[in-house]
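1. based on what follows, work out the 3D shape:
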Amino acid sequence: MPHTDWFTSSRFGLFIHWGLYAIPARGEWIKNQEKITDEAYQPYFDEFNPTRYDAREWARAAKAAGQKYAVITTKHHDGFCLFDSKLTDYKATNTPIAKDLIREYVDAFRAEGLKVGFYYSLLDWHHPKYPIDRLHPLRDIPENDPRRKNRSMPDYVDYLHGQVRELLTNYGKIDILWFDFSYDNNHTTTWRARELVDMIRTLQPGIILNNRLTTGHADPTKQKAGGSGGGQTPLGDLATPEQIIPPQGVVDSDGNLLVWEACMTLNNHWGYCRDDHNFKNPAEVVQMLVECVSKGGNLLLNVGPTAKGEIQPEALAILARVGEWLRLNGESVYNCSRATFMNKPDWGRYTLSADGKKLYAHLFTRPMGPIVFENLAGKVKHVRYLRDGSELKISRPWNIPEKWPHIGVNLPSTPLPDELSTVLEITLV
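-> Numbers count the residues shown, from 1 in each chain. Here you go, the predicted model:
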């Protein structure tokens, strides 16, 4: 699909979960988990004033990290809008910050040459028409409670469609629209998804749309190819496994690779959680990214800014280290995909350039003895460390039978040059 070509060559994006929940700082599902009423949640709206928010700093950090696109929560499940919607008063422009925070995000990320994406929750626990179901914070109130009256999903869906129209009309070209999420009986027909998708495609013909208007979005085995040339998930372009990298990537029932990205947290929460310091280290992030690319997918890595509007220093340090690795080794990630002719090695992963001329061996650990490349005898021009272009001599390991068409490379006895992932660039004949 030509409109997804930029996406499948980019491979690395930034996910941003940010909203009122940054104030209690216990994660973005707090209203659900603690069954907080609108009245008890209201102080967070009254106090929301992220005076240190600088979208330009966020954009510069993403670019320095080697990320090529970003997706931000315009509205999460609590219903609070970071954008200046005309359809609700529950928005950032009515808080002490009094700004359209999405406008600043769009302008800043575009200025850095990054693609711009919007996340939009299909749920809304603040809207008076959204039904009180098993996920709603008010789920345990009595059946005769007046707050259950006058709920109407069709009326709420009118509101949903109107807000999507605003987002895709008021901010120029938008590259990705990331819905979240269908569940139980709330899916395609509930959201009037076909009508919604037709509107989206009309307003933004080249937009990439994820697959969460349907159920089963987190189960890669349920992804199917669409009828418009294959490779599409139902009503969308993008499969979105969450907090998992599928063993074989994401393919359709015929084994054809779909467009997909794994969305992953940098610590254990999406929204800011003050007490969660369990961050993945830079090596883990790089190896997650490489694993996604080796299976034909992208990595969408999340940060949760604070109530003051800053990305945590720990997260920024990790992103900067990953960016330095990509500066030296990015050719093995960008515009790369699966090397289907190579078996997965014990020491790491393979990626392959789009033109098929460069095979990249990613060493997560040092192998015992020489590195053996199966079935590549007579097919390799040379092998180099990607980070500096220095030569590695090709040889035939003495203990490999003559009938096996393998070659090997003896690594220097010194430590591997990159603890995150040492990359060998194998130029094919």
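2. grab the most central residue of the chain for me.
-> Centroid-nearest residue in the chain: residue 300, 2.1 Å away (criterion: C-alpha atoms, centre = their mean).
3. neighbouring strands - and their directions - for the helix or strand hosting that one?
-> Using DSSP states H and E, the element containing residue 300 is strand 298-303. Note on strand 298-303: by DSSP bridges, its sheet partners are strand 12-16 (parallel), strand 261-265 (parallel).
4. on the C-terminal side of that strand, identify the next helix or strand.
-> Downstream of strand 298-303, the next assigned helix or strand under DSSP H and E is helix 313-329.
5. ok, then the element right after that next one?
-> Helix 313-329 is succeeded, C-terminally, by strand 336-337 (DSSP H and E).
6. and the very next helix or strand once past that following strand, what does it pack onto?
-> Sequence order places strand 348-353 as the next helix or strand after strand 336-337, per DSSP H and E. On a contact count with 3 or more C-beta pairs under 8 Å, 6 or more residues apart in numbering; DSSP states H and E, strand 348-353 meets helix 282-294, strand 336-337, strand 358-363. (C-beta placed from N, C-alpha, C; glycine too.)
7. what is the second one packed up against?
-> Using 3+ C-beta pairs under 8 Å, 6+ apart as the contact definition, the elements that strand 336-337 packs against are strand 348-353.
8. any idea of the mean pLDDT for the strand it packs on?
-> Here strand 348-353 scores 98 as its mean pLDDT.
9. try stretch 115-132
-> 98.
10. keeping just the C-alphas, turn it into CSV.
-> Provided in CSV are the C-alpha atoms of stretch 115-132 (Å, rounded to 0.1, in the frame of the first residue of the first chain):
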residue,chain,number,x,y,z
LYS,A,115,5.1,12.7,11.0
VAL,A,116,2.1,13.5,13.3
GLY,A,117,-0.4,11.1,14.7
PHE,A,118,-3.5,11.4,16.9
TYR,A,119,-4.7,8.9,19.5
TYR,A,120,-8.5,9.1,20.2
SER,A,121,-10.3,7.0,22.8
LEU,A,122,-13.6,5.5,21.7
LEU,A,123,-14.5,5.3,25.4
ASP,A,124,-15.6,8.4,27.4
TRP,A,125,-16.2,8.1,31.1
HIS,A,126,-17.1,11.8,31.4
HIS,A,127,-19.7,12.1,28.7
PRO,A,128,-23.2,12.0,30.1
LYS,A,129,-24.5,9.9,27.2
TYR,A,130,-21.8,7.1,27.4
PRO,A,131,-23.4,4.0,28.8
ILE,A,132,-22.3,2.8,32.2
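11. how near is residue 177 to residue 316?
-> Using C-beta to C-beta, to the nearest Å, one gets 27 Å for the distance from residue 177 to residue 316.
12. ugh, wrong one, I meant residue 173
-> 28 Å.
13. the more surrounded of the two?
-> residue 316 (17 against 13; other C-beta atoms under 10 Å).
14. now the more buried one: closest residue in space, sequence neighbours ignored.
-> Closest residue to residue 316 apart from its sequence neighbours, by C-beta to C-beta, 6 or more residues apart in numbering: residue 61 at 5.8 Å.
15. tell me the secondary structure at that neighbour.
-> Secondary structure state of residue 61, per DSSP: H, G, I helix; E, B strand; the rest coil, is helix.
16. wait, it sits on residue 311?
-> Yes. Judged on C-beta atoms under 8 Å, residue 61 makes contact with residue 311 at a distance of 6.4 Å.
17. so what's residue 180 up against?
-> Residue 180 sits next to 119, 120, 121, 122, 123, 212 when contact means C-beta atoms under 8 Å, 6 or more residues apart in numbering.
18. sounds good, over and out.
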